[in-house]
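In: Take this sequence and fold it.
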Amino acid sequence: MGQCYKVAVIGVGTAGLVTAKELQREGHHVTVFEKANRVGGTWLYNPRVETDLLGLDPNREIVHSSLYRSLRVNLPRQVMGFLDYPFAKKEGGDPRHFPGHEEVLRFLEDFAWDFGLMELIRFGHEVVRVEQIDEACHEWVVESRTRETESKWASKEEVFEAVVICNGKSTEPKNAEFSGI
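Out: The predicted structure follows:
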């Protein structure tokens, strides 16, 4: 085995969970930051929608969800699993080859529990800054915050030797800008 690093993983959707599992398997010290209060990333359904669908108001409440209530996957479950952890049909679960989003979320939660990842995850921790301290020392400062009260946040800075960002690409709306719009 090679050198052991202190690694931060940001996000616990599919990519963050698999990344944390493989880093842990390689013997690294892994800390996972997740803004939500459970695993799942894009698979966490939220019935609320944003008041500003184009994201033009910087002061709006951001509702992080790209799911709709009746969403089903567009790949068969046999393709969505992993070599060492198949996406098998579970007792009492969605038996279809193209299951609903709830079944995917259960699969990811089971994956996190079965590989001991839950103890690595800091739920309710939003990462607000990642900055390389010095190119020569290969260290990164990760600043995260947690909500103490409705209007008060507590911030914390930590140093890591590596950072993997797995927070997805669909957090903010993308608006095309061109003349004459």
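
In: what about the strands in this protein?
Out: Under the criterion DSSP state E, the chain contains strands at 6-10, 29-34, 121-123, 126-134, 139-147, 153-160, 162-165.

In: can you put those in a markdown table and add mean neighbour count, mean pLDDT and distance to residue 41?
Out: Placement of C-beta: from N, CA and C, glycine included. Output for those, formatted as a markdown table (neighbours: other CB atoms under 10 Å; pLDDT from 0 to 100; distance: least, CB to CB, whole Å):
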| stretch | mean neighbour count | mean pLDDT | distance to residue 41 |
| --- | --- | --- | --- |
| strand 6-10 | 22 | 97 | 11 |
| strand 29-34 | 22 | 97 | 9 |
| strand 121-123 | 17 | 97 | 12 |
| strand 126-134 | 13 | 92 | 14 |
| strand 139-147 | 17 | 94 | 17 |
| strand 153-160 | 12 | 95 | 21 |
| strand 162-165 | 16 | 95 | 12 |
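
In: Out of those, flag the one nearest residue 101.
Out: Closest approach to residue 101 among those (CB to CB): strand 29-34, 18.1 Å.

In: Restricting to C-alpha, output the closest one in PDB.
Out: In PDB, the C-alpha atoms belonging to strand 29-34 read as follows (Å, rounded to 0.1, in the frame of the first residue of the first chain):
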ATOM      1  CA  HIS A  29      -8.300   8.900   6.400                       C
ATOM      2  CA  VAL A  30     -11.600  10.100   4.800                       C
ATOM      3  CA  THR A  31     -13.900  12.900   6.000                       C
ATOM      4  CA  VAL A  32     -17.100  13.400   3.900                       C
ATOM      5  CA  PHE A  33     -19.000  16.700   4.000                       C
ATOM      6  CA  GLU A  34     -22.700  16.700   3.100                       C
END
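
In: can you offset everything so residue one is 22?
Out: Right, with 22 as the first residue, what we last looked at is strand 50-55.

In: That strand vs strand 27-31, what angle?
Out: If you take axes from the mean of the first three to the mean of the last three CA atoms, to 10 degrees, strand 50-55 sits at 20 degrees to strand 27-31.

In: Pairing partners for strand 50-55, with directions?
Out: strand 27-31 (parallel), strand 142-144 (parallel) (DSSP bridges).

In: If anything else comes up later, I'll come back, but that's it for now.
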